[in-house]
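**Q** show me how the following folds:
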Amino acid sequence: MTIASLSVDVYCTRSEGGPIYRLYIDGDLLTERNWGWPAYEMYVREHMVVDVEPGTHKIEFVDCSDR
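**A** Below you'll find the model as predicted:
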């Protein structure tokens with residue numbers, strides 16, 4: 001396994017309220033967040049450290065909001 005640093009920029013285009021979202025790598029949950037900032041002004045840069053095998057991996061963003 002290798003320790004790797006991962007940065008993901010998350011943008012929201014909703015005019016009212018933001019999403020509840022989850023970030024996964026290879027099916028493993030890395031983070032779950034409630035968007036709490038004005039969507040038209042901000043983005044979130046997620047910084048994560050992961051322990052993975054060298055190679056290609058799948059990063060998945062899932063909107064868990066009920067809107």
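
**Q** name the SS class of the most centrally placed residue in the chain, please.
**A** Centroid check for the chain by Cα atoms, centre = their mean gives residue 23 as the closest residue, at 3.9 Å. Residue 23 falls in the strand class when you classify it by DSSP: H, G, I helix; E, B strand; the rest coil.

**Q** hey, what's it bridged with?
**A** Per DSSP bridges, the residues bridged to residue 23 are residue 31, residue 61.

**Q** contact partners for the nearest residue to residue 53 once chain neighbours are set aside?
**A** If the residues on either side of it in the chain are set aside, residue 53 comes closest to residue 1, at 6.1 Å by Cβ to Cβ, 6 or more residues apart in numbering. C-betas here are computed from N, CA, C, even on glycine. Applying Cβ atoms under 8 Å, 6 or more residues apart in numbering to residue 1 gives the contacts 51, 52, 53.

**Q** again, 10 Å this time
**A** When contacts are counted by Cβ atoms under 10 Å, 6 or more residues apart in numbering, residue 1 is found next to 50, 51, 52, 53, 54.
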